[in-house]
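Q: A predicted structure for the sequence below; I have some questions about it.
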Amino acid sequence: MEYTVIKIEDFDSAVLLLDEMSSCLRSLSVGPDYRRTMAEKFLKYGTILAVRKNGCYAGFSAFYANDTENLIAFLSMIAVKKDFRGLSIGRQLLEKTIDAAKQNNMKKLKLEVARDNAGAIRFYHNNGFEICSETEKSFFMIKNITE
């Protein structure tokens, strides 16, 4: 099933989205001040895409496509609420993220994922990402999006 992916363009909607999704990502559970800061940053420098279902946000992605030198977009966050997993919402959000990055002339999409997040690592591998570097706590993964 295809879901409508919308672009979040105003601060109040961005904060509401990040508040609703705060149980899905460790970084968003830090607190409301952090979520407000991230909403502001995403709106100023990046793009936020979201899927609404049954009157609430089901999932979202937030990314930057502003590296005009290296042409590498960066997926900062992507999450789907547990009740909506298995419905291909994450895949759709990733596809729309890639489409938007391509529209900004990006050639690759990069992300960072915690080493202990096996489900996310599997999702990224299944969607064509490969590990390009690592730290003690995370992997950096990249995908060529020019194909």
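A: Nice, thanks for sending it over.

Q: Show me the contact partners of stretch 84-99.
A: Applying C-beta atoms under 8 Å, 6 or more residues apart in numbering, the contact partners of stretch 84-99 are 1-3, 5, 47, 49, 51, 53, 58-61, 63, 73, 75, 78, 80, 109, 123, 127, 143, 145. All C-beta atoms are positioned from the backbone trio N, CA, C, and that covers glycine.

Q: quick one: that stretch to chain centroid distance?
A: 9 Å (C-alpha atoms, centre = their mean, to the nearest Å).

Q: tell me the mean pLDDT for that stretch?
A: The average pLDDT for stretch 84-99 rounds to 95.

Q: Likewise for stretch 29-48?
A: 95.

Q: Show me what counts as buried in that stretch.
A: For stretch 29-48, burial by neighbour count (16 or more other C-beta atoms under 10 Å) applies to Arg35, Met38, Ala39, Phe42, Leu43, Gly46, Thr47, Ile48.

Q: now stretch 100-113
A: For stretch 100-113, by 16+ other C-beta under 10 Å, it's Ala100, Ala101, Met106, Lys108, Leu109, Lys110, Leu111, Val113.

Q: just checking, the third one touches Leu71?
A: Yes: applying C-beta atoms under 8 Å as the test, Met106 and Leu71 come out as touching, 5.2 Å apart.

Q: Alright, I will stop here.
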